[in-house]
Structures are given as C-alpha cells and as structure tokens.
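Asks: Sequence plus the predicted model coming up.
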Amino acid sequence: MTRNKLTIAVEGCCHGELDNIYRQIAIQEQRMNKRVDLLIICGDFQAVRNVADLECMSCPDKYKQLGGFYRYYTGERQAPIPTIFVGGNHEASNHMRELYFGGWVAPNIFYMGASGVVRFGGVRIGGITGIFKDFNFEKGVFERPPFRSYMRSAMHHVRSFEVFKMLQIRSPLDVVVSHDWPLGIEQFGDVNGLLRIKPFFTAEVNENRLGSPPNALLLEHLRPAWWFSAHMHVRFAAPRTPRVPGRPTDFLALDKCLPRRQFLEIIEVDVPEDHADHPLQLEYDPEWLAILRLTTRHLPLSESPFQLPADVRSTGTLDLPLLPDSAIARETEWVNRNVVVNGRAPIPCNFVPMAPVPEPGTPDSAHFGLATRGHNGRIFPSTRGRRGYYGGNPYDSQPWQGRRPDVLYPNPQTDELCKMLDIDDPITQRTQ
C-alpha cells in the first residue's frame, strides 16, 4: 500500500488510562472513517506492573493505584494501535531504568528510553524523558536499588548527558516528544488565553521560567516539524513557531486523560517519498544508533557532573558541544554495514514479561496498602506496621502478596541491543 501521510494520535498525560485513550481513538476513527496509524503519549505513562513499581513512582501515596497497564503487560489486553511514549515525572522509575535505551513495555507499546530516536513509516521521531530540575541536571545516573529513597528526588529528572546525545543529531527530525515544555514556548501562542486558564503560571511566564531550558536549546537545534509535550495539564498550541530561521516548528501541548479535557489530538504527517510503500512498523534510526555507539561509554554513573568527551568542539551560532562530523559518519557507516538490511532496521518484537504481576482480575483501583480508602471513599496513606507488612486497615485494598524485589529485572531487550551495537550495558551491570 502506497501512502503519503501518516495519521498520528497524540495524547498528553496518560496516568494509566490506556483503556480510555484507546476508546477515544476508536470513536475518532469512526467519525473520520479513517484508521490511526500510530499513538504518541507525552509522558506520565505509568507502566506499573506491581507494588514495587508503585513504590518507585514519584507521587504522593494517596494517588498510587495499580491502573490497567498490567493487563497489557500480561497479554490479557492488546494495544490496538502501535504506541510509543516518553516518560514524565510520575513514572515507575525502576521499570524505565530497566529499559534505559528504550524497548517494549508490552506488545505493541514502546518506551523511547531516557532519550531516543525511532522511525515509523519513514517518519523520524525523537524523544526525551523526564522534567528539568537544575540541581540534578549535570549529575550522572547515580541512583541504585533500592530506589524508594530517590523516587521524589532524581530518577525522573532530565540529565545533561541525554541532552548532549540529542544535540549530536545532524539529520532533520519530523517529530520530537517531551514531557516538559520548551522554555519560553508560550510566547509563540496565545499566552493571555493560557493565563486565563492557568493564572498560577503568571509569575513563571513573567520571569521566563515556564518550561525547560534544555528543551528550548533542543528546539533551536533540531527544528522538527512538530514538537509535542504535556505536563502542564492544559492544551496549548504555538503553530509555526518562528524561533529559528529555516524550517519552523508546530508546537502542541495536551492535557491529561480526564472527562471534558483536551487530551487527544489527531494530526497528519508527511511520509518521505522513499518510504511511501514500506510496511508500517517501528524501526531503529541508524544515526541514533551511531550516536549510542559514540556516547554510551561516557555515561557518568555517579553524582559527579558529566564530562564532555575530549574530541567535542563548541561550534555554530548556538555554541553547541558537538562530536566531529567524521565520527558520526564513521559510526553511521558501521551501523549501515552491521545492522541495517536492505535500507531498513526493524525493531524486533522481542518483549518478554520479567516482573511478577497481580492476580488476574485485580481491580485498577488496587493500591496494595500504599493508600487506603475510608468508608467515605477518601484516600489516605496506610499505617504501616512491622517491616514488610502492608495493610492492617479494614478498608485496605488488595494487599500485595507477591515478592517485592529491590533490584532491577535484567531485560533481555537491553542486552540484545547492546550486543547488536557492540557496547556495554552500563545500567543493569552497574546496579546489580
């Protein structure tokens, strides 16, 4: 089948509401009389498999509920549309760390990693996970199991190393996905309308503090056709953003998945002519694989600041720290020779469930004693007794009976990717 456009659904903050999101897309498909080719989710996905994942999620205990993701993880339900997502600030951070380079969290649902680029139907899609906090930005990946002590402080904060990797991209991207907005993007849309809806943003807007400075830098450097974000729980558009000369960017932020909220948008993206008759599937991006080969050995595994590689030079009008073009070209040639076959590099469907899951039929509202409901329905944190015991409250919901490991589950997807690229897996090896 020849196609010149992709129909893409974009969703803001998921918060575990996959069933509702897919249901709304099905309704839109009926109205349009057209199938959606791909779903992009802009963070707060909440790929929660069990109570250990809930404990590693950065949010108050009273909000910690299982949600419906585990049914996709076990195969009880199937994602009806290829789905990709970046992480936000409310994630099962241990699960995301297991797939540092990205990978399938369930059949047909792909996490883009701490940063990453993939292709779908020839469309290049980049993504960066987390939110910006200046006090953790320069640090390395220092968190170690057990992760509970970090869940409110660091694991979901963007690191300069991930931004450095994204800055090495030379070829144009069609789409970039982030959870945070780029800093100052509100100035290119209806900022007064935004402040009418979100008046508590006024001080940040006036002081130019709304959004992420690294994302603003990436926007200026990458200049994608589209940039999608979430996080602020409001729909906001900045069409044809004239931040830089050359190709402008359409920016769109969306709300969280709740009734009467603007959390879903369906757009069309041009397909490159040389991919018009290719099957629709996720593929590796050769340039990004080359960047991983060049940079992974420099990933800092402590709180010490990331140190630029010795061959980096500051170049261009943005004074960016760039690796030599020759190095990118050399590694891209290696990838094309060793990974790409007939011009393509499909991502294998190699998902394997690794973590224990609740019993079938466990309700989405289960919270395993992390947050309990009183007789009036009010949620409040449970009183915890002796070590390892959860519950003890007559209104407790589904106490967890399974194992509660404080280690990462080594994921074979990460192992296979590292072997394919002939690089070490610095995350899993270092945290065991």
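Replies: Ah, there it is. Numbers count the residues shown, from 1 in each chain.
Asks: Only C-alpha atoms from now on, for both contacts and neighbour counts.
Replies: Fine.
Asks: could you dump stretch 250-260 to CSV, C-alpha only?
Replies: Coordinates of each C-alpha in stretch 250-260 appear next as CSV, following Å, rounded to 0.1, in the frame of the first residue of the first chain:
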residue,chain,number,x,y,z
ASP,A,250,4.4,23.5,15.2
PHE,A,251,4.2,23.1,19.0
LEU,A,252,1.3,21.4,20.7
ALA,A,253,0.8,20.5,24.4
LEU,A,254,-2.1,18.4,25.6
ASP,A,255,-4.0,17.9,28.8
LYS,A,256,-4.3,14.7,30.9
CYS,A,257,-6.8,12.0,30.2
LEU,A,258,-9.9,13.1,32.1
PRO,A,259,-13.5,13.8,31.0
ARG,A,260,-14.1,17.1,29.2
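Asks: who's in contact with Glu105?
Replies: Careful, residue 105 is Val and not Glu. Applying C-alpha atoms under 8 Å, 6 or more residues apart in numbering to Val105 gives the contacts Ala47, Tyr73, Tyr111, Phe351.
Asks: three-state assignment of the first one?
Replies: The three-state label for Ala47, taken from DSSP: H, G, I helix; E, B strand; the rest coil, comes out as coil.
Asks: ok, it to Val118 distance?
Replies: 20 Å (C-alpha to C-alpha, to the nearest Å).
Asks: more neighbours, those two?
Replies: Applying other C-alpha atoms under 10 Å to Ala47 and Val118 shows that Ala47 carries more neighbours, namely 29 against 24.
Asks: you'd agree that one is up against Leu66?
Replies: No. With contacts counted by C-alpha atoms under 8 Å, Ala47 stays clear of Leu66, the gap being 9.3 Å.
Asks: Give me the pLDDT value at the nearest residue to Val312 once chain neighbours are set aside.
Replies: With C-alpha to C-alpha, 6 or more residues apart in numbering as the criterion, Val312 has its nearest non-adjacent residue at 4.7 Å, and that residue is Leu323. Leu323 is assigned 96 on the pLDDT scale.
Asks: Can you get me a residue count around Leu323?
Replies: Neighbour count of Leu323, defined by other C-alpha under 10 Å: 23.
Asks: quick one, what contacts it?
Replies: Per C-alpha under 8 Å, 6+ apart, neighbours of Leu323: Gln168, Asp311, Val312, Arg313.
Asks: Would you mind writing the PyMOL command to select the buried ones in the residues you listed?
Replies: Filtering these down to the buried ones (16 or more other C-alpha atoms under 10 Å) takes a single PyMOL command:
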select buried, resi 168
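Asks: Report the two of the contacts of Leu323 separated the most.
Replies: Greatest spatial distance in the contacts of Leu323: Gln168 and Asp311, 12.8 Å, computed using C-alpha to C-alpha.
Asks: Mind picking out the helix or strand in the chain with the poorest mean pLDDT?
Replies: In the chain, the helix or strand scored least confidently by mean pLDDT, DSSP states H and E is strand 379-381, which has a mean of 43.
Asks: State the helix or strand in which Arg124 lies.
Replies: According to DSSP states H and E, Arg124 maps onto strand 123-128.
Asks: and that strand, what does it pack onto?
Replies: For strand 123-128, the elements it packs on are strand 115-120, strand 175-178, judged by 3 or more C-alpha pairs under 8 Å, 6 or more residues apart in numbering; DSSP states H and E.
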